[in-house]
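Trainee: quick check, what structure comes out for this input:
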Amino acid sequence: MRGALFVFFALFFIGFVGLLIQIFLLDKNDGNRFRKAALAQQSYTNSVLNFQRGAIKDRNGTTMAISLRRYNLILEPRTLNNNDQMHVRTVDALASNFDISRDKLEDIISSKPNSMYEHVDDLKELTDEQVEAFREKMSKDELIDGLWFEETYSRSYPLNSVGCNIIGFMGSDESGTYGIEEYYNDELNGSTGREYGYFDSNMNLQRTIKNAKDGNNVVLTIDAHVQEVVEQQIKWFQKKSGAGPAKHVGVMLMNPKNGEIIAMASESSFDLNDPRTLKTMYTQERIDEMSDDQKKENLMNMWANFCIGSAYEPGSTFKPFTIAAALDEALINEDFSVDCTGVKKISGTDIHCANRSGHGFLNLQHILMESCNVGLMDIAAKLGREKFSKYTKLYGFGQRTGIDLPGETSGIIHPKDQLNPVELATSSFGQTQTVTMVQMLSAFCSVINGGKYYQPHLVKEIVTSEGDPVKKIEPTVVKDTTSEDTSIRLRKFLKATVEDGTAQPAKVIGYSVGGKTGTAEKRPLALKNYLVSFIGAVPIEDPQVAIYVIVDEPNVEDQAHSTFATQFASRLLKKVLPFIGIYADEKAVAEAKAEKKRREAEEAAEEVQREREQEQREEEEEQTEPENEKEQEESENQDEEQQEDDPDRGQDEE
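Mentor: Numbering: from 1, shown residues only. Okay, the predicted model is just below:
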């Protein structure tokens, strides 16, 4: 029995010694690791380091969107709870320095007493000035501690509403919504970093930092100043012109030589810094009357980009494409003519010209100048459904252009097998098929620039936050649409249309403008609503900028007048061309001013002459009055004498 006990205690002792040796070895080899792990479980920090989202700038470097550095206050309840004086002094300092109550701070500290990382919702996105002021206070008082400022970023739009439908804004999930913000979201976003840390045995925070990578900057083709002028003029049109407010007003400016969009705007406008308010478009009274569903729908409409997302029947601005197609197919030439009687019967259907009494005989140039529907129907008949369909698709209608914006629509064109005689006829002058503004302007630029269809685009280049190049967006020729010879002819016709045709109100003194008007009757036809437009270029001999203006349903009783669009286009061009670097011919301006003065002088002289003639007539009338009175008196005296001689005369006359 005693031997058994001895053996048991001997084994127990050996095992105990072995365990001590094992513990010693573990402590020697891995003790530090286990201690750090234990401490890490109790007081480990792991915070995200935010990246700075890239800026959006215009072609001249003007900032249109930027992420500004801000700070979120982080509290360390455990640190504060370990020192009562620090706790009180820190809470007092925060409450007095920021707009927050002590009770809110105490609730956060007491609810998570062992936490080393707690956000304070009321103290987010603090500015540099706010943080620096508090840090200075901390540096003067060692008992203000147990907190730190986490760096973050807030999106800001310095130009407020300028380019709002182009730029887009940030969504609730911190990703881009609409516009460039959405389309180039991956380029603008960087990658987050991380800060790892644990408290050692002496409660010192040991940190490991993986830095964030900032997003790239996006440089636009847009000229912010021109964009602002265009938007201001649209507002003017809607408020002060005789035709406003229209249902929609759209304006686009594009460089025909590379597809760069210089400006793109509509009547829709909102503050990018507060995109979820309808106050820029509606009165508060009207907003209060809206249901939640109506508010959502109106917000969606406000954010949408009319220039790429709305399709419509273009009307006569489509005519240059029909003519260009027939010229390229050698089916017509400049000697082609038509006798317009004001109507043409197609498969038993009367289709009228804008001039219902008829234009008479017109050659090809005058068919475009006078916007003769009968001439276009004859040209379309020569093309036939197959060729007409081929060129409609070649110009890019019925398909997206691929512009670098979300929300582009394609419009609807007739399939080839549905281009029956009536549909072919009406399509020739821009009815029964729908297009978008970006489609029309891109196709028009190809017709006037020698036949090169450039990819329309809004981004010029992408650079790093330090300005190093990442990607340059080179002009991309997608296809050839027309011949140089046809392009030269079209430019000549378009110039004549502005000089002496239907687009005369689009003239700009000192500039050579060419273009075409459009007056499209909307469906249902019984409502007599119209979409009027003008598409053109300057200088038309060698186009540097193309313009497209749409006025959808001018707010007047008689809407069917393209002058609403042509006059507005002239006003816009006069204001923006100098900013684009296209200047007026000084000699032509001087001659125009001299001619104006001459006309004013002639009118003044004519007015003076009329006044003199009027004065002379009045003087003559004054002189003849006494003579007439004298003759009348003498006549009356003679009558009295005769009546005295013949008392029955008056009775006989009765």
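Trainee: for Phe534, give its distance to Gln52.
Mentor: Phe534 sits 43 Å away from Gln52, going by CB to CB, to the nearest Å. C-beta here means a position set from N, CA and C on the backbone, and glycine is covered the same way.
Trainee: these two: which is more packed in?
Mentor: For Phe534 versus Gln52, neighbours defined as other CB atoms under 10 Å are more numerous around Phe534 (30 against 18).
Trainee: my read is the more buried one is in a helix, agree?
Mentor: No: using DSSP: H, G, I helix; E, B strand; the rest coil, the assignment for Phe534 is strand, not a helix.
Trainee: show the pLDDT at Glu174.
Mentor: On pLDDT, Glu174 comes in at 79.
Trainee: make that Leu19, sorry
Mentor: Listed pLDDT for Leu19 reads 65.
Trainee: ok, Leu143 touching His87?
Mentor: No: in this structure Leu143 lies outside contact range of His87 using CB atoms under 8 Å: 9.2 Å.
Trainee: neighbour-wise, which of those two wins?
Mentor: For Leu143 and His87, the more surrounded residue by other CB under 10 Å is His87, and the numbers stand at 20 against 15.
Trainee: wait, what's in contact with the more buried one?
Mentor: 80-81, 109, 146 (CB atoms under 8 Å, 6 or more residues apart in numbering).
Trainee: can you tell me the element it falls in?
Mentor: For His87, the host element (DSSP states H and E) is helix 84-97.
Trainee: and that helix, which residues are buried?
Mentor: 86-87, 89-91, 93-95 (16 or more other CB atoms under 10 Å).
Trainee: got it, and stretch 517-536?
Mentor: 517-522, 529-536.
Trainee: same check on stretch 282-292?
Mentor: When burial is assessed from 16+ other CB under 10 Å, stretch 282-292 yields the following buried residues: Tyr282.
Trainee: identify the residues contacting it?
Mentor: 278-279, 295, 298.
Trainee: and it, how far from the chain's centre?
Mentor: Centroid separation for stretch 282-292 versus its chain: 24 Å, with CA atoms, centre = their mean, to the nearest Å.
Trainee: and what of stretch 346-353?
Mentor: On the basis of CA atoms, centre = their mean, stretch 346-353 sits 39 Å off its chain's mean C-alpha point.
Trainee: outside of that stretch itself, list whatever touches it.
Mentor: Identification of contacts with stretch 346-353 by CB under 8 Å, 6+ apart yields 340, 342-345, 359, 372-374, 377, 420-422, 425-426.
Trainee: end-to-end on that stretch?
Mentor: 13 Å (CA to CA, to the nearest Å).
Trainee: tell me the first helix or strand C-terminal of the longest strand along the chain.
Mentor: Looking across the chain with DSSP state E, the single longest strand is strand 63-75. Counting by DSSP H and E, the next helix or strand C-terminal to strand 63-75 is helix 77-81.
Trainee: tell me which other helices or strands that next one touches.
Mentor: helix 84-97, helix 102-111 (3 or more CB pairs under 8 Å, 6 or more residues apart in numbering; DSSP states H and E).
Trainee: to Tyr583, which of those helices lies closest?
Mentor: Set against Tyr583 and scored by CB to CB, these come closest in helix 84-97, at 56.1 Å.
Trainee: I'd like the average pLDDT over stretch 65-81.
Mentor: Averaged over stretch 65-81, pLDDT sits at 93.
Trainee: check stretch 559-571 too.
Mentor: Per-residue scores along stretch 559-571 average to 94.
Trainee: flag every buried residue along it.
Mentor: Quick answer for stretch 559-571 (16+ other CB under 10 Å): 559, 561-571.
Trainee: would you list every one of the helices in the stretch 451-600 of the chain?
Mentor: Here the stretch 451-600 of the chain has its helices, by DSSP state H, counting those that start in this stretch, at 484-500, 563-580, 586-645.
Trainee: re earlier: of the helices and strands packed on helix 77-81, which is nearest Leu68?
Mentor: Of these, nearest to Leu68 by CB to CB is helix 84-97, at 21.0 Å.
Trainee: what is the mean pLDDT for that closest one?
Mentor: Averaging pLDDT along helix 84-97 gives 92.
Trainee: got the angle for it vs strand 63-75?
Mentor: Using axes from the mean of the first three to the mean of the last three CA atoms, to 10 degrees, one finds that helix 84-97 and strand 63-75 are set 150 degrees apart in direction.
Trainee: give me the distance from helix 84-97 to the chain's centre.
Mentor: The answer for helix 84-97 is 49 Å, by CA atoms, centre = their mean.
Trainee: equivalent analysis for stretch 340-352, please.
Mentor: That offset, for stretch 340-352, works out to 40 Å (CA atoms, centre = their mean).
Trainee: got the contact list for Ser269?
Mentor: For Ser269, the contact set (CB under 8 Å, 6+ apart) comprises 161, 164, 231, 235, 280-281, 302.
Trainee: which of those has the largest number of neighbours?
Mentor: Cys164 (28 neighbours).
Trainee: just checking, it touches Phe270?
Mentor: Yes: counting by CB under 8 Å, Phe270 is a contact partner of Cys164 at 5.3 Å.
Trainee: so what's Lys247 closest to, chain neighbours aside?
Mentor: Spatial nearest neighbour of Lys247, chain neighbours left out: Glu553 (4.0 Å); criterion: CB to CB, 6 or more residues apart in numbering.
Trainee: now do the contacts for that neighbour.
Mentor: 246-248, 522, 529-531, 559.
Trainee: repeat the analysis, applying 7 Å as the threshold.
Mentor: 246-247, 529-531, 559 (CB atoms under 7 Å, 6 or more residues apart in numbering).
Trainee: which ones among the residues you listed are found in strands?
Mentor: Taking DSSP E as the definition of strands, the contacts of Glu553 contribute 530-531.
Trainee: right, and out of the contacts of Glu553, which lies closest to Met437?
Mentor: The nearest one, if we look at those relative to Met437 and count by CB to CB, is Leu531, at 11.2 Å.
Trainee: could you measure from the closest one over to Thr177?
Mentor: Separation of Leu531 from Thr177 (CB to CB) stands at 29 Å.
Trainee: repeat for Gln233
Mentor: 27 Å.
Trainee: lowest confidence element among the helices and strands of this structure?
Mentor: Ranked by mean pLDDT, DSSP states H and E, the weakest helix or strand in the chain is helix 649-653, scoring a mean of 37.
Trainee: for this protein, give me the ranges with low pLDDT.
Mentor: Applying pLDDT under 70 to the chain picks out residues 1-46, 197-206, 591-592, 595, 622, 624-654.
Trainee: how about a cut-off of 50?
Mentor: 32-33, 35-42, 643-644, 646-654 (pLDDT under 50).
Trainee: any idea how far Lys344 is from Gly358?
Mentor: Taking CB to CB as the measure, Gly358 falls 10 Å from Lys344.
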